[in-house]
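S.K.: Structure here, sequence nowhere to be found:
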């Protein structure tokens, strides 16, 4: 894949072996309390290139590629879709931060990465000091609120979760078109203007690799099964996210729910709301507002 180090001046990159032998790629920079940044679909760690340098002025910043994405390994899925569950991805994050010497840390996640972030906070509140979720609601909430309008907005949840190899073959036929359409259609302006060319090339490159297309589909299959079951179990048993949570969302993001932060208050004990003038990709469409909100929340 195309090197992205130029997007992160002053950062170093490395690959860390996590549980089960997964090789997780990350870039690291800055000094201060540790913060891990977790990307979403259909992206890589490169999505943080406008936010990470600002955070690195006060924090030690780790931006990683989830398993199956970017430069990290892409293991085969299993029948239960546990391999690409947010619990398994959270274990990768934990292993990376432990290897880097961080016993407790702050977590920031966007899209699929935000699902990893809140799952990690639910599973291991002793590790997570603060958690910021960017432009999502909990997985169970999305499935429960499906309607014609919302189903159109998140059509990819149903499509990517179809049994293999149906979505893989269709995406593979026009892989870069699918990538570009997904990115553009979830922005405020409906085009690719918000994305740096180097970062965009990094996202597109994943769609040239059948193993990564399969991994991204497996991620969504986990969302429809394993992850959904975990969320419903937590909700049924009254388990709440204990670390302070920032709900940072695009005012014209992918989620049409008007009471965004009210939903998160059913899942977390301490919620701060931060709407951003943006579409779904807040860290690239409005990096200034996103970085300011994150610094304010993470530094408390």
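M.R.: Nice, I can see it. Values in this document were obtained by computation on a predicted structure and should not be read as measured data.

S.K.: Please make it C-alpha for all contacts and neighbour counts, starting now.
M.R.: Noted.

S.K.: lowest-pLDDT helix or strand in the chain?
M.R.: helix 148-153 (a mean of 86; mean pLDDT, DSSP states H and E).

S.K.: quick one: the strands in the protein?
M.R.: 12-17, 23-29, 34-38, 60-64, 105-110, 128-134, 245-250, 271-276 (DSSP state E).

S.K.: Okay, now the sheet partners of the fourth one, with direction.
M.R.: The one in question is strand 60-64. Strand pairing for strand 60-64, determined by DSSP bridges: strand 23-29 (antiparallel), strand 34-38 (parallel).

S.K.: can you check the first one too?
M.R.: Strands flanking strand 12-17 in the sheet, each with its direction: strand 23-29 (antiparallel) (DSSP bridges).

S.K.: got a pLDDT number for the spatially most central residue of the chain?
M.R.: The structure's the chain has its C-alpha centroid closest to residue 113; by CA atoms, centre = their mean the separation is 1.8 Å. Predicted confidence (pLDDT) for residue 113: 98.

S.K.: Tell me which residues of the least confident helix or strand of the chain come out buried.
M.R.: Buried residues in helix 148-153, counted by 16 or more other CA atoms under 10 Å: 150, 153.

S.K.: so residue 128 sits right up against residue 107, yeah?
M.R.: Yes: if you go by CA atoms under 8 Å, residue 128 and residue 107 touch, sitting 6.8 Å apart.

S.K.: Between these two, which has more neighbouring residues?
M.R.: Taking other CA atoms under 10 Å, residue 128 and residue 107 do not tie; residue 107 has more neighbours (28 against 23).

S.K.: Let me see the contact set for the more buried one.
M.R.: By CA atoms under 8 Å, 6 or more residues apart in numbering, the contact set of residue 107 is 35, 36, 37, 38, 117, 128, 129, 130, 131, 132.

S.K.: Find the residue closest to residue 75 in space, skipping its chain neighbours.
M.R.: residue 68 (6.8 Å; CA to CA, 6 or more residues apart in numbering).
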